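> I'd like to go over a predicted model; first the sequence, then the structure.
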There are 2 protein chains.
Amino acid sequence: MVRQREFDEGKALDAAMRVFWEKGFEASSLNDLTFEMGIQRPSLYAAFGDKKQLFETALRKYTQLHASDIRSKLQKGKTVKESFRFLLVGIVEEEYAIGPSKGCFCINTMVELAPHDEKFEILTREHQMYLATIFQEKIEQGVHSGELAGDTNIKALAQGLVITLIGLTVMMKARPERSFADNAIQMALTMIK
Amino acid sequence: MVRQREFDEGKALDAAMRVFWEKGFEASSLNDLTFEMGIQRPSLYAAFGDKKQLFETALRKYTQLHASDIRSKLQKGKTVKESFRFLLVGIVEEEYAIGPSKGCFCINTMVELAPHDEKFEILTREHQMYLATIFQEKIEQGVHSGELAGDTNIKALAQGLVITLIGLTVMMKARPERSFADNAIQMALTMIK
DNA sequence: AGTATATTATACTAATCAGTATAAATTAAA
DNA sequence: TTTAATTTATACTGATTAGTATAATATACT
């Protein structure tokens, strides 16, 4: 055995993730990918398979990072309600920050590929359901601590908040006035009581 | 002057709208378009300009149809709350009906093009804002009739419901269990009181 | 009927696409 | 140092892309 791989597979995958995240599957060319990944075409195929396999690998990495990101962001509030407020406001502020927003790679994929490719329908659905369970755990904390009403429909509330998160993320791509996002968040938080 | 156009421009545009709606901008080829529109390539360019201009024309037509569709669907309930329930449940049921769902052409465009093309950022934002004003009018009816609380933040509620509509529409592309959608709708409707 | 004009259909362009064959370069083991 | 194995880089493939030039066709007006 000889000649170790010259490039860092993890970093190359991160670069591919960013390209697909920003441009989507169709609009990302192999030239875009190899350029950003800093590797040649045959190296890409040897390490990651074809374009769609690379996309899937990149998306799977994204969903893992995204889930843990959501998890940690939900720890930032003193109360459950405040935690969700921080999470949603954070989405909005990221989008108004410098540069064009990429939104959420998983949501982008739900729109572009899920309707035409069952594999991505399943992968994206399962990620959203996983986010719902993360939300659910947080809400349970609030119910047990007495912050939230004992008759709270925990699962329904979690799923409702996932829909809010998706809707807000997509709406931000059209860069609405700040008040639009703030109002929507304010109303969504009234679901928590 | 001579030789009238052989094809119906309106029907050709409808066909183009369906293609772009289903596949998005990048994944729709001129062969797809001319085939579905039933016209030849030069006829398309003569009548609608290039691919992007055709896309924009198709999207503008869609937003008009969509707005009036939403308007009429909001008339179906006895109360304001019931009207919004019907609207949201209708979205869900359309997606579970036969065939793969296309979702909303405008939302698809928000995800695919708005972040990279200011024209579509504006066009899609304005459509969502227009939907919010339609919602607002409906909510005002409820406040005036006494169905809804007098201190209802009408604009915020309307914008919150737009976010719910977007989130639900996108989530349906991943075909979640029916209960997911139903729960989310149930929670969203608690914003109306 | 003849002519001018607009719309068709065919066929082409140059560029780009995803994917691969080939060969040079590199390195660990013998 | 030689050999074998693996990854590089270059260059190519055939297909497809958006867009257009050309020529045939059809029609309203003179």
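It's in.
> for the closest residue to A:Gly49 other than its chain neighbours, phi and psi?
Once flanking residues are discounted, A:Gly49 sits nearest to A:Thr57: 7.9 Å by C-beta to C-beta, 6 or more residues apart in numbering or on different chains. Any C-beta I mention is one placed from the backbone N, CA and C, and that applies to glycine too. With angles defined as degrees, to the nearest 10, A:Thr57 sits at phi -60, psi -40.
> what about A:Thr57, how many neighbours?
16 (other C-beta atoms under 10 Å in any protein chain shown).
> does any part of the biggest helix by length in chain A sit near DNA strand C?
If you go by DSSP state H, chain A has its longest helix at helix A:118-145. No - on the criterion C-beta under 7 Å from any atom of the strand, helix A:118-145 is out of touch with DNA strand C, staying 14.6 Å away.
> repeat for stretch A:49-63
Yes - using C-beta under 7 Å from any atom of the strand, stretch A:49-63 reaches DNA strand C at A:50-52.
> can you pick the most crowded of those residues?
The residue in the residues of stretch A:49-63 next to DNA strand C with the most neighbours, by other C-beta under 10 Å, is A:Lys51 (18 neighbours).
> returning to what we had before: out of the residues of stretch A:49-63 next to DNA strand C, the closest to A:Leu13 would be?
The closest of the residues of stretch A:49-63 next to DNA strand C to A:Leu13 turns out to be A:Lys51 (C-beta to C-beta; 13.6 Å).
> wait, the closest one sits on A:Asp32?
No - using C-beta atoms under 8 Å, A:Lys51 is not in contact with A:Asp32, being 10.7 Å away.
> helix or strand for the residue lying closest to A:Leu123 once chain neighbours are set aside, which one?
In space, and not counting its chain neighbours, A:Leu123 is closest to A:Leu59: 6.6 Å by C-beta to C-beta, 6+ apart. Using DSSP states H and E, A:Leu59 sits in helix A:51-73.
> Who are the packing partners of that helix?
Counting contacts by 3 or more C-beta pairs under 8 Å, 6 or more residues apart in numbering or on different chains; DSSP states H and E, helix A:51-73 is packed against helix A:9-23, helix A:30-37, helix A:41-48, helix A:80-96, helix A:105-112, helix A:118-145.
> And for it, what's in contact with it?
By C-beta atoms under 8 Å, 6 or more residues apart in numbering or on different chains, the list of residues contacting helix A:51-73 from outside reads A:13-14, A:16-17, A:20-21, A:25, A:28, A:30, A:33, A:44, A:48-49, A:83, A:86-87, A:90, A:104-106, A:109, A:119-120, A:123, A:127, A:130-131, A:134.
> Now do it against helix A:80-96, angle only.
Relative orientation of helix A:51-73 versus helix A:80-96 (axes from the mean of the first three to the mean of the last three C-alpha atoms, to 10 degrees): 130 degrees.
> and the angle for helix A:51-73 with helix A:30-37?
Counting by the same axes, to 10 degrees, helix A:51-73 lies at 50 degrees to helix A:30-37.
> Helix A:51-73 near DNA strand D at all?
No - Helix A:51-73 does not reach DNA strand D (C-beta under 7 Å from any atom of the strand); its nearest approach is 12.6 Å.
> Point to the helix or strand of chain A where mean pLDDT is at its lowest.
Within chain A, no helix or strand scores below helix A:41-48, which has a mean of 92 by mean pLDDT, DSSP states H and E.
> Next, count neighbours for the closest residue to A:Phe135 other than its chain neighbours.
Nearest residue to A:Phe135, sequence neighbours excluded (C-beta to C-beta, 6+ apart): A:Ala158, at 3.8 Å. Residues near A:Ala158, counting by other C-beta under 10 Å, number 24.
> show me the contacts for A:Ala158.
A:132-133, A:135-136, A:139.
> quick one: it and DNA strand D, what's the gap?
Distance of A:Ala158 to DNA strand D, given as C-beta to the nearest atom of the strand, to the nearest Å: 41 Å.
> Alpha carbons of the one helix or strand that residue maps to, in PDB - could you do that?
In the assignment (DSSP H and E), A:Ala158 maps to helix A:154-172. What follows is helix A:154-172, C-alpha atoms only, in PDB (Å, rounded to 0.1, in the frame of the first residue of the first chain):
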ATOM      1  CA  ILE A 154     -46.400  18.400  24.000                       C
ATOM      2  CA  LYS A 155     -46.000  16.600  20.700                       C
ATOM      3  CA  ALA A 156     -48.400  18.900  18.900                       C
ATOM      4  CA  LEU A 157     -46.700  22.000  20.200                       C
ATOM      5  CA  ALA A 158     -43.300  20.600  19.100                       C
ATOM      6  CA  GLN A 159     -44.500  19.900  15.700                       C
ATOM      7  CA  GLY A 160     -46.200  23.300  15.400                       C
ATOM      8  CA  LEU A 161     -42.900  24.900  16.300                       C
ATOM      9  CA  VAL A 162     -41.100  22.900  13.700                       C
ATOM     10  CA  ILE A 163     -43.500  24.200  11.100                       C
ATOM     11  CA  THR A 164     -42.900  27.700  12.300                       C
ATOM     12  CA  LEU A 165     -39.200  27.200  12.100                       C
ATOM     13  CA  ILE A 166     -39.500  26.000   8.500                       C
ATOM     14  CA  GLY A 167     -41.800  28.800   7.500                       C
ATOM     15  CA  LEU A 168     -39.700  31.500   9.000                       C
ATOM     16  CA  THR A 169     -36.500  30.100   7.400                       C
ATOM     17  CA  VAL A 170     -38.100  30.100   4.000                       C
ATOM     18  CA  MET A 171     -39.600  33.500   4.400                       C
ATOM     19  CA  MET A 172     -36.300  35.000   5.300                       C
END
